[in-house]
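J.: What shape does this take:
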Amino acid sequence: MRTKSLTVLWVGLLALSACGATPLTAATTEQTTAPAAAAGASPGAAVGVAASLGSSALGEIIVGERGLTLYGFTNDTDAKSTCSGTCADAWPPLIVGPDWTVAPGLDSGIFATTTREDGQLQLVAGKWPLYYFAGDTNSGDLKGQGSGDVWFAVNADGSLINEAVPSQSDGGAASETSGPLLATAESSIGQILTDASGRSLYGFTDDSAGAPTCVDACADAWPPIVVTSPELPADLDPAVFSVVERPDGTLQLKAGTWPLYRFAGDGEPGQAEGQGSGGVWFLVAPDGSLVGVEQADTSPQEDEDDGY
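T.: Numbers count the residues shown, from 1 in each chain. Below you'll find the predicted structure:
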């Protein structure tokens, strides 16, 4: 009887093979190497071309859908993503299907996938899981470059481009406002400060000493609220608000101990996509406190990178 059962099983496997099916293996690996047909996959593949080469002010870089810049996060080690939840709202991961492919001009051998906490596959270049930045809207945008000194565009060889975007300046990222500077709004986690147009305002926990530390490329992603005079506007309570000088000499509005910023990824008033980003960016309440973070978490972390 046992010989007969094994014969039936063997015949069944042969039938599956003839139909084009592949028996499942008992184990899978967390990091999946590039599919053998990646370089030559047809346009009808489930996910199409996941990544290609694009031109930018930094030269040729790896880009994704619509030519949008893809970034690596230096806090990701061993090709494992550590950006999820609110961080992934600001830095959406490049999710692919099992039949992903890359465009001609890229070496498919440097690409792989990693399995995220939710079970989705994220494309990896070199050792860096790839992300978009919510503040980039057009092909060639590099608004996330250098953000927090931990987010960088990716070379064609899978290495990170650790240099500033040419001709960027902190002053260009900051925007001045006229008339009433601030307002308040209700959010799902309580009352928050907004600018006059209703865009959410944030504090950065690295600014815990009260001095702005988000400059250069960081300020492109998180534009500071800049004022033209050291005198506090008359409509703001001096018990809560003050003005602080930035490293470039411009003046920034502060609530409590927190210099105030917008988030480039908030596309319209009422959005708060930056809340909790990297565990260091939080909405600001009307009394100048941070919303949705324990006070114990607002002290700077020594010898650790910040995930904007």
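
J.: any low-confidence regions in this protein?
T.: 1-47, 167-180, 294-308 (pLDDT under 70).

J.: at 80 what do you get?
T.: 1-48, 86, 148, 167-181, 216-217, 220, 267-268, 293-308 (pLDDT under 80).

J.: Could you break it into its assigned domains?
T.: Domain assignment for the chain by automatic domain parsing gives 31-153, 170-289.

J.: Kindly reformat these as CSV and extend each row with mean neighbour count and distance to residue 162.
T.: C-beta coordinates here come from the backbone N, C-alpha and C atoms, glycine included. CSV is the format used below for the domains of the chain (neighbours: other Cβ atoms under 10 Å; distance: least, Cβ to Cβ, whole Å):
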stretch, mean neighbour count, distance to residue 162
domain 31-153, 19, 6
domain 170-289, 19, 11
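
J.: As a markdown table, these with distance to residue 164 would be great.
T.: Formatted as a markdown table, the domains of the chain follow (distance: least, Cβ to Cβ, whole Å):
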| stretch | distance to residue 164 |
| --- | --- |
| domain 31-153 | 6 |
| domain 170-289 | 6 |
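
J.: Do a quick rundown of the strands in the stretch 201-308 of the chain.
T.: 202-204, 225-227, 241-245, 251-255, 258-259, 281-283 (DSSP state E, counting those that start in this stretch).

J.: And the helices in the stretch 51-200 of the chain, which stretches?
T.: For the stretch 51-200 of the chain, helices defined by DSSP state H, counting those that start in this stretch occupy the ranges 86-90, 170-173.

J.: and the closest residue to residue 268 other than its chain neighbours, what is it in contact with?
T.: Nearest residue to residue 268, sequence neighbours excluded (Cβ to Cβ, 6 or more residues apart in numbering): residue 199, at 7.9 Å. Applying Cβ atoms under 8 Å, 6 or more residues apart in numbering, one finds that residue 199 lies in contact with 262, 266, 268, 269, 271.

J.: for those residues, which one is nearest residue 90?
T.: residue 266 (9.6 Å; Cβ to Cβ).

J.: Quick check: the closest one touching residue 281?
T.: No: between residue 266 and residue 281 there is no contact under Cβ atoms under 8 Å: 11.3 Å.

J.: which residues are in contact with both of the two?
T.: The contact sets of residue 266 and residue 281 overlap at residue 274 (Cβ under 8 Å, 6+ apart).

J.: Using PDB, list the CA coordinates for stretch 149-169.
T.: C-alpha atoms of stretch 149-169 as PDB (Å, rounded to 0.1, in the frame of the first residue of the first chain):
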ATOM      1  CA  ASP A 149      21.500  64.000   7.600                       C
ATOM      2  CA  VAL A 150      19.900  60.500   7.200                       C
ATOM      3  CA  TRP A 151      18.000  60.600   3.900                       C
ATOM      4  CA  PHE A 152      19.900  60.500   0.600                       C
ATOM      5  CA  ALA A 153      19.300  59.900  -3.100                       C
ATOM      6  CA  VAL A 154      20.800  56.700  -4.500                       C
ATOM      7  CA  ASN A 155      23.400  56.300  -7.200                       C
ATOM      8  CA  ALA A 156      23.000  53.800 -10.000                       C
ATOM      9  CA  ASP A 157      25.400  51.400  -8.100                       C
ATOM     10  CA  GLY A 158      23.200  51.400  -5.000                       C
ATOM     11  CA  SER A 159      25.400  53.700  -3.000                       C
ATOM     12  CA  LEU A 160      24.000  56.800  -1.300                       C
ATOM     13  CA  ILE A 161      24.800  60.300  -2.600                       C
ATOM     14  CA  ASN A 162      26.000  62.100   0.500                       C
ATOM     15  CA  GLU A 163      26.100  65.700  -0.800                       C
ATOM     16  CA  ALA A 164      24.000  68.700  -0.900                       C
ATOM     17  CA  VAL A 165      21.900  69.700  -3.900                       C
ATOM     18  CA  PRO A 166      23.700  72.500  -5.800                       C
ATOM     19  CA  SER A 167      22.300  76.000  -5.300                       C
ATOM     20  CA  GLN A 168      20.100  75.000  -2.500                       C
ATOM     21  CA  SER A 169      20.000  77.400   0.500                       C
END
